[in-house]
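In: My questions concern the predicted model and sequence given below.
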Amino acid sequence: MRSALKEIALPAFAIAAALLVFGVLVWFAGVSPVDVWVTLFKGAFGDWFSWQNTLQRAAPLMLTALCVAIPARAGLVIIGGEGAVVLGGLAAAALPYALPLPANVAGTVAICLAGAIAGGLWIMLAGWLRQYRGINETISSLLLAYIAIGIFKHLVEGPLRDPASLNKPSTYSLPEGLLIHGIAGSDIHWGLAIGVVACVGLGLWLRVTASGFSVRVVGGNPRTAQLVGLPATRLILAACGVGGACAGVAGAVEVAAVHTNANASIIAGYGYAGILVSFIARHNPIAIIPVAILFGGFGAAGSLLQRRLGLPDASVLVLQGIAFVLILASEGLRMVDWKTLLRNRMPKAAQPKLVKERA
Amino acid sequence: MTADQWIALVAGIVGGALRVGAPFLFVSLGECLTEKSGRINLGLEGVLVLSAMAAFGGAYLTDSAWLGVLIGATAGAALALLHGLLCSLDRVNDVATGIALMLFGTGLAFYLGKPLIQPQAPQIPAIALGFWSDNPVVRSALQLNALVPLGLVLAVLLYWGFAHTRAGLLVRMAGDSANATRALGYSVSGIRIAATTAGGFIAGLGGASLTLFYPGSWNEGISSGQGLIAVALVIFARWSPLRCVGAAFLFGGAGALGPALQSIGVGWGYHLFNTVPYVLTLVILVFTCKPGSVAIGSPGELSSTR
């Protein structure tokens, strides 16, 4: 119970501190911090309209955060989720070009699967490059994201372009029957349900099943995994595939629920925000749900900050950045033994002193 | 294609290698110095964007390109210093911190740089390398960023410094064995913070050459991953500042391929040609990395190669 409290208290403290620092920053820009905090809250959770907006943004964040969290559980730092989002969206929009799809739920499931496969294979490539070629997956996944964006733009502005989309190159819109609609007439689409189910499902998978446990062993202690003969490479590739598939579905949902076609608007930075969400949730799929809602809220409040207070639309990025930095810094405080620290003001045994004398 | 088009294409790629390669040169030198001390800074992407914005803003406000360069480099050093300090905390991982600073640096640059998208700032002077040609295309393609010679000097200086100066040896020692450094009574954290900050300063010069030379204006898509390519470049250059020079110009040439082709009227596949630097980086990594072994020349304490 104690540790669970600590688990929540530190990130909460870090986010509060981030809001404080952000307040100081906007204060320098001549805007009242209190106005900013109130506007943030109103824009994110103030009324039903903002809640809809928030949850609509939380859906892709949950899925892109899983793209970081699941590989992270297997010991990989994947930051190229944006590439999987983009290719997932592209695959979803391109499938009806290739196959006659039934305009019903089965068709919608098919385009989501197409997104999942495209995203999963793309992130798996980063895992493959690491396992078989020894390439750092953090760098390769980000390079792959830029390549994916290039491929996306090439196809959307070229071979897959709907000639009628003049100002904004797009693919043909999906037929009405393939679109993902709102839950019970609201603006919140079923992508949110997909996100929550994925988070809960993968959370249970990691905790309950043998294969999920194996993934955690591989990530936690590679040597132990080797000793007990776990197929580390296969598990790592699976984790990358599952994570990438989630981000790919996020792209497919953006296409089928928000934009109705693939265009440059789906390159909206959900992949990067997902990194932050996953880190704050400490790569725990269940914890991703509330964190994604919080950051979906920040995103939703961004345009209100711009309209009401005249702050640049990048303000939210700054807030996210500060939050990320402070969350990581708070990791350094996690292991501090507070009791001992308060009692005798000595955090831990000092480094061996003899080294100083030689210099 | 006619002869003129060929000349224009080659001039475009060679000139582009010098122009587009300039930021790569500085960022890879900065990353090289940081990694030699045993720490990786993925946040150099954020450093590059922030310093590009700061350099442009500085040049615009002070009306002097060189003051802008200085301001940009200082901003880069400040962000890198933050990285150095954060990484010195217990249990704080340098890869994760780098990602955080990448997001923070770009966010801050977009936030502060909003008013700078329209105006024009004074530019870094150009050195005309195309004086021998009468062809205006060649002449305009071979305008050399005045910071590039500085970068070349810096590369030689770093190479020499690593081998022959006390500071250089300390940086290498901190990078190869933290324990040995501690045993000699030096502060590993101190050395790494200093090296990271200096690396950020050098990378900041790269940011300045982004906005004050080519393309010569501030916009939000200005870097798109060049700081990260530099991390891979350092692996390719096997942690040698001199090889960084060659690698930077190779990547500059790859980055210039798309625009050079477009300038002679090849419109097809513009976006695909723009991915060439990323593809090239991956391909080179495939050939330079080997599974289960550490890249040649890699500092022993580097977390990304262990």
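Out: Looks like it came in fine.
In: thinking residue B:189 is in contact with residue B:88, fair?
Out: Yes: at 4.3 Å, residue B:189 and residue B:88 qualify as touching, with contact defined as CB atoms under 8 Å. Where you see a C-beta, it was placed from the backbone N, CA and C, and this is true even at glycine.
In: and residue B:76, what does it touch?
Out: The contact partners of residue B:76, taken as CB atoms under 8 Å, 6 or more residues apart in numbering or on different chains, are B:30, B:47-48, B:50-51, B:54, B:200-205, B:207.
In: Alongside chain B, which residues does the stretch 201-350 of chain A contribute?
Out: Within the stretch 201-350 of chain A, the positions near chain B by CB under 8 Å from any CB of the partner chain are A:272, A:275-276, A:279, A:312, A:314-315, A:317-322, A:324-325, A:327-329, A:331-332, A:334-335.
In: cutoff 6 Å now
Out: When proximity is defined by CB under 6 Å from any CB of the partner chain, the stretch 201-350 of chain A lies next to chain B at A:312, A:314-315, A:317-318, A:321, A:324-325, A:328-329, A:331-332, A:335.
In: dump the residue contacts of residue 77.
Out: Picked chain A for this. A:138, B:95 (CB atoms under 6 Å, 6 or more residues apart in numbering or on different chains).
In: You answered for a different chain; I wanted chain B.
Out: With CB under 6 Å, 6+ apart, residue B:77 has these contacts: B:197, B:200, B:201.
In: What's the local residue count around the second one?
Out: This means residue B:200. When neighbours are defined as other CB atoms under 10 Å in any protein chain shown, residue B:200 has 37 of them.
In: helices and strands around the helix or strand hosting it, which ones?
Out: If you go by DSSP states H and E, residue B:200 is part of helix B:188-212. If you count contacts as 3 or more CB pairs under 6 Å, 6 or more residues apart in numbering or on different chains; DSSP states H and E, helix B:188-212 packs onto helix B:3-36, helix B:44-62, helix B:65-88, helix B:166-176, helix B:178-183.
In: where are the low-confidence patches of the chain?
Out: As the question left the chain open, I've gone with chain A. By pLDDT under 70, the low-scoring segments of chain A are A:1-3, A:334-359.
In: Chain B, not that one
Out: Filtered on pLDDT under 70, chain B yields the residue ranges B:1, B:137, B:141, B:292-296, B:303-306.
In: Enumerate the residues of it near chain A.
Out: Residues of chain B lying near chain A (CB under 6 Å from any CB): B:86, B:89-92, B:95-97, B:99-100, B:103-104, B:107-108, B:110-111, B:114, B:182-183, B:185, B:225, B:228, B:231-232, B:271-272, B:274-275, B:278, B:281-282, B:285-286, B:289-291, B:304.
In: and residue 101, backbone torsions?
Out: Here I'm looking at chain A. Note on residue A:101: backbone dihedrals following degrees, to the nearest 10 are phi -100, psi 140.
In: what about it, neighbour count?
Out: Neighbours around residue A:101, by other CB under 10 Å: 19.
In: same thing with residue A:9?
Out: Residues within reach of residue A:9, counting by other CB under 10 Å, total 11.
In: Residue A:199 versus that one, what's the distance?
Out: 22 Å (CB to CB, to the nearest Å).
In: same thing with residue A:79?
Out: In terms of CB to CB, residue A:79 sits 19 Å off from residue A:199.
In: Compare these two and say which is more crowded by neighbours.
Out: residue A:79 (29 against 24).
In: what sits against residue 89?
Out: Answering for chain A, as no chain was given. A:251, A:254, A:255, A:262, A:266.
In: that answer is for a different chain, and I need it for chain B
Out: Residue B:89 neighbours (CB under 6 Å, 6+ apart): residue A:332.
In: can you map out the helices along the stretch 251-359 of chain A?
Out: A:270-280, A:285-309, A:315-334, A:338-344 (DSSP state H, counting those that start in this stretch).
In: Which one of the ones you listed lies nearest to residue B:164?
Out: For residue B:164, the closest of the helices of the stretch 251-359 of chain A is helix A:315-334, at 36.3 Å, according to CB to CB.
In: ok now that closest one, how far from the chain's centre?
Out: Distance, stretch centre to chain centre, for helix A:315-334: 15 Å (CA atoms, centre = their mean, to the nearest Å).
In: about what we covered before: could you look over the helices of the stretch 251-359 of chain A and pick the most buried one?
Out: Most buried of the helices of the stretch 251-359 of chain A, by mean neighbour count (mean count of other CB atoms under 10 Å in any protein chain shown): helix A:270-280, with a mean of 27.
In: Check what contacts that one and list those residues.
Out: So helix A:270-280 is contacted by A:11, A:60-61, A:64-65, A:68-69, A:79, A:81-82, A:85, A:291-292, A:295, A:320, A:324, A:327 (CB under 6 Å, 6+ apart).
In: Restrict that helix to CA atoms and write it as PDB.
Out: Extracted in PDB, the C-alpha atoms of helix A:270-280 (Å, rounded to 0.1, in the frame of the first residue of the first chain):
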ATOM      1  CA  TYR A 270       0.600  11.300 -31.000                       C
ATOM      2  CA  GLY A 271       3.500   9.000 -31.300                       C
ATOM      3  CA  TYR A 272       5.800  11.400 -29.500                       C
ATOM      4  CA  ALA A 273       3.200  12.300 -26.800                       C
ATOM      5  CA  GLY A 274       2.800   8.500 -26.300                       C
ATOM      6  CA  ILE A 275       6.400   8.200 -25.200                       C
ATOM      7  CA  LEU A 276       5.700  10.700 -22.400                       C
ATOM      8  CA  VAL A 277       2.500   9.000 -21.400                       C
ATOM      9  CA  SER A 278       4.200   5.600 -21.200                       C
ATOM     10  CA  PHE A 279       7.100   6.900 -19.200                       C
ATOM     11  CA  ILE A 280       4.800   8.600 -16.700                       C
END
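In: For residue A:37, grab the count of nearby residues.
Out: If we define neighbours as other CB under 10 Å, then residue A:37 has 15 of them.
In: How about residue B:49?
Out: Per other CB under 10 Å, the neighbour tally for residue B:49 reads 31.
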